[in-house]
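A.B. asks: Predicted model follows, preceded by the sequence.
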Amino acid sequence: MGIFNKQALVEKHILVTGATGGIGWETAKTVAQMGAKLTVTGRDAEKLKQLEIELKALMDDDRLHVNAADLTDPHARKQLVETAEARLGFIGGLVNSAGAAGGKQVEELDQEFLEHLMNINYTSTFMLTQLVYRRMMEEGRGDIVNLASLSGLRGTAGNTAYAASKFAVVGWTQSMALEAIEHGIRVNAVCPGYVDTEMARASIQRKAERKGISVEQALEEAQSGIPSNRLSTPQEVAQTIAFLLTDAAPNIVGESVKISGGSVMR
């Protein structure tokens with residue numbers, strides 16, 4: 001496709017958080033191949049080193065900045081943005097892919113777990129975005145893509161805390177989009193269902209344990225509820241995110257783009 005060429009993002013510096021996760025990893029590789037200057041971050045320093053090797057095979061070293069950071073730490077967030085801009089200039093694209101999952105029944109949840117999940121999936125993401133957004137406002141341009149989930153659009157059993165955090169991301173995306181577009185900045189969310197990543201496999205394993213069935217049975221059950229009869233791939237999600245960062249999506253504002261294999265159509 002024309003938009004996925006080596007020049008599509010050549011003028012843009014993109015920051016990808018959660019780059020050591022399956023979707024963040026593939027997003028970083030995708031935008032690198034589209035010519036972007038790229039900052040990647042994640043908490044796992046060893047995985048970041050491996051990602052750096054893969055990215056350097058796709059792009060020039062002087063267009064890449066790698067920075068391990070814990071985004072729940074306000075100082076780390078500030079330092080990440082400052083060092084990224086000092087190295088590669090204005091951050092014109094932000095992909096908020098950092099996040100965590102966790103499936104528990106309501107009676108099993110405690111305040112510490114709820115606050116932890118909400119902090120990672122919503123609060124810390126919001127505060128990092130605010131830092132980048134303020135600079136985007138000064139420039140009068142920018143694109144922000146939040147990784148939400150189908151769980152941010154409808155509830156499922158055993159998923160209360162995670163769904164609540166992703167509903168927060170979707171609501172924030174919609175509200176912020178209305179403010180941001182006045183400054184020439186587009187904000188959207190991508191809402192995948194099951195994606196073939198470590199996080200999704202862990203979720204399926206938890207469901208199997210809860211139901212007393214095998215992991216293979218739980219996977220079959222998950223796939224049977226998807227009209228396409230398969231999990232999405234990280235590459236498919238990455239390409240959707242990349243599209244939203246390009247000039248090919250100028251009037252897509254405040255959307256929650258579903259990648260559901262047909263399972264959610266409302």
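C.D. replies: Here it is on my side, so go on. Numbering: from 1, shown residues only.
A.B. asks: And the helices in the chain?
C.D. replies: Counting by DSSP state H, one finds helices in the chain at the ranges 22-33, 45-56, 74-88, 111-118, 124-139, 160-180, 198-211, 215-224, 234-245.
A.B. asks: Tell me which of the ones you listed sits most buried.
C.D. replies: helix 22-33 (a mean of 26; mean count of other C-beta atoms under 10 Å). All C-beta atoms are positioned from the backbone trio N, CA, C, and that covers glycine.
A.B. asks: Packing partners of that one?
C.D. replies: strand 13-16, strand 37-40, helix 45-56, strand 93-96, helix 234-245 (3 or more C-beta pairs under 8 Å, 6 or more residues apart in numbering; DSSP states H and E).
A.B. asks: Any chance of a markdown table for the helices of the chain, columns distance to residue 146?
C.D. replies: Output for the helices of the chain, formatted as a markdown table (distance: least, C-beta to C-beta, whole Å):
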| stretch | distance to residue 146 |
| --- | --- |
| helix 22-33 | 12 |
| helix 45-56 | 21 |
| helix 74-88 | 16 |
| helix 111-118 | 15 |
| helix 124-139 | 7 |
| helix 160-180 | 5 |
| helix 198-211 | 16 |
| helix 215-224 | 24 |
| helix 234-245 | 10 |
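A.B. asks: so which of those gets nearest residue 6?
C.D. replies: Each of the helices of the chain has some distance to residue 6 by C-beta to C-beta; the shortest is helix 22-33, at 6.8 Å.
A.B. asks: which residues touch the spatially most central residue of the chain?
C.D. replies: Centrality entry for the chain: nearest residue to the mean C-alpha point is residue 97, 2.3 Å, by C-alpha atoms, centre = their mean. Residue 97 makes contacts with 16, 17, 18, 19, 21, 23, 24, 27, 147, 241, as judged by C-beta atoms under 8 Å, 6 or more residues apart in numbering.
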